[in-house]
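Student: fold the following, please.
(one chain, ligands or ions: 1)
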Amino acid sequence: MTIGFIGTGNMGYPMVRNLVKAGNKVTAFDRLQSALQSAAAAGGAMASSQKEVVMDAEIVITMLPAGQHVRTVYGSDDGVIATASNGTLLIDCSTIDVESARAVAKEAAARGLDMLDAPVSGGVAGAEEGTLTFMVGGSAEVLERARPVLEAMGKNIVHAGDSGSGQAAKLCNNMMLGISMIGTSEAFTMGQKLGLNPQTLFDIISTASGSCWALQNHLPIPGIVETAASNRGFRAGFAVAMMAKDLRLAQLAAKSVDASTPLGSTAAALYTSFEDSGNQDLDYSAIIKLIAAQT
Ligand code: NAD
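Tutor: Residues are numbered from 1 along each chain as shown. Okay, here's the model as predicted:
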């Protein structure tokens with residue numbers, strides 16, 4: 001397949017690598033030169049504009065920070081929707097608000113283009129290993145067209161429902177992840193204060209009922225879990241700014257349907273406060289610093 005890929009940051013460039021590995025011809029664009037060079041190192045061809053990426057693509061994949069970037073990249077006068085050839089399949093893998101996902105898919109449909117929202121779970125490690133979970137919103141037939149390409153980057157491809165449903169599922173997931181990372185941070189901070197050795201506490205909880213994905217993969221204590229950002233001075237990984245954004249999006253989504261989310265709301269407030277104190281670029285597991293600093 002000929003694939004155009006826009007947004008080759010932390011997640012995008014390893015996804016490009018796996019698409020190339022699977023035999024696809026990938027042309028990449030990112031407005032940041034350093035991100036574009038990572039995509040080139042991953043085997044993609046570098047384009048000098050978004051239009052160049054879209055022109056000959058059979059499939060366009062985007063991996064952008066937030067809803068406003070997705071609306072601009074797809075919806076502007078020289079955006080993806082205006083410049084894609086007939087029959088091009090559009091897949092947005094970014095995590096964004098449900099409303100933007102539905103609005104952009106509607107615009108694409110008005111031009112006769114099929115679009116899926118396909119946000120991912122699994123983090124940078126999942127993107128590197130090609131083991132991402134894709135939560136897909138859009139029609140089931142369109143998903144079948146996209147499946148071989150998604151399978152080059154992920155292991156679990158789940159149809160969540162109509163347009164926007166992938167984003168809805170992703171926001172539910174990330175609300176749980178934020179809450180469980182805060183819970184993990186509280187337990188390990190309290191455990192250390194109670195005199196427990198962190199390795200011993202990890203050995204116990206990781207095989208007990210308190211275990212969770214955040215603890216198993218991103219433990220905020222260094223030297224125990226190999227894939228944890230705590231081993232690398234909390235270099236992201238999944239940045240605090242991204243987690244804070246997702247938690248705020250989850251709150252917007254909760255309000256839109258009158259869902260009660262008291263822990264989700266607290267998690268959004270804690271991550272936003274941590275982000276606002278200059279920690280936006282750290283990995284989301286660094287929230288333990290905020291917990292540990294509180295008395
Ligand atoms: P990132 O900031 O590293 O990458 C986003 C890239 O998009 C950047 O390189 C940026 O320059 C580029 N970009 C922004 N606007 C652009 C434009 N108009 N044209 C071209 N390029 C543009 O972010 P990331 O960590 O790769 O995350 C991307 C998305 O994936 C986010 O929505 C995030 O919530 C989601 N996500 C991230 C992780 C993770 O662990 N990092 C996990 C799951 C989902």
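Student: show the pLDDT at the residue in the stretch 1-150 of the chain that the ligand sits nearest to.
Tutor: Among the residues of the stretch 1-150 of the chain, G9 lies closest to the ligand, at 1.9 Å counting by CB to the nearest ligand atom. (C-beta placed from N, C-alpha, C; glycine too.) The score at G9 is 95. That number is its pLDDT.
Student: got the contact list for it?
Tutor: G9 is in contact with D30, L32, A35, M63, P65, counting by CB atoms under 8 Å, 6 or more residues apart in numbering.
Student: cool, and A254?
Tutor: S260, T261, G264, S265.
Student: which element is it on?
Tutor: Element membership for A254, per DSSP states H and E: helix 240-256.
Student: can you give me how far that helix is from the chain middle?
Tutor: Here the centre of helix 240-256 is set off from its chain's centre by 13 Å, with CA atoms, centre = their mean, to the nearest Å.
Student: so after the helix or strand where S100 lies, what's the next helix or strand?
Tutor: Using DSSP H and E, S100 falls within helix 98-110. The helix or strand immediately downstream of helix 98-110 is strand 115-117, counting by DSSP H and E.
Student: and the contacts of that next one?
Tutor: For strand 115-117, contacts defined as CB under 8 Å, 6+ apart pick out 89-92, 96, 101, 104-105, 108-109, 136-138, 142-143, 146, 163-167.
Student: buried ones among the residues you listed?
Tutor: Taking 16 or more other CB atoms under 10 Å as the criterion, what is buried in those is 89-92, 96, 101, 104-105, 108, 136-138, 142-143, 146, 163-167.
Student: what about the residue lying closest to G210 once chain neighbours are set aside, distance to the ligand?
Tutor: Among residues not flanking G210 along the chain, A187 sits closest, at 6.8 Å (CB to CB, 6 or more residues apart in numbering). According to CB to the nearest ligand atom, to the nearest Å, A187 stands 22 Å off from the ligand.
Student: state the pair within the contacts of G9 that is farthest apart.
Tutor: Spatial extent of those (CB to CB) is set by the pair L32 and M63 at 12.7 Å.
Student: what parts of the stretch 151-295 of the chain come near the ligand?
Tutor: G237, F238, M242, D246 (CB under 6 Å from any ligand atom).
Student: give the other helices and strands that the helix or strand where I81 lies contacts.
Tutor: I81 is part of helix 80-83 when elements are defined by DSSP H and E. With contacts taken as 3 or more CB pairs under 8 Å, 6 or more residues apart in numbering; DSSP states H and E, helix 80-83 sits against helix 50-55, helix 67-75, helix 98-110.
Student: list the buried ones in the shortest one?
Tutor: Applying a neighbour-count criterion of 16+ other CB under 10 Å, the buried positions in helix 50-55 are Q50, K51, E52, V53, V54.
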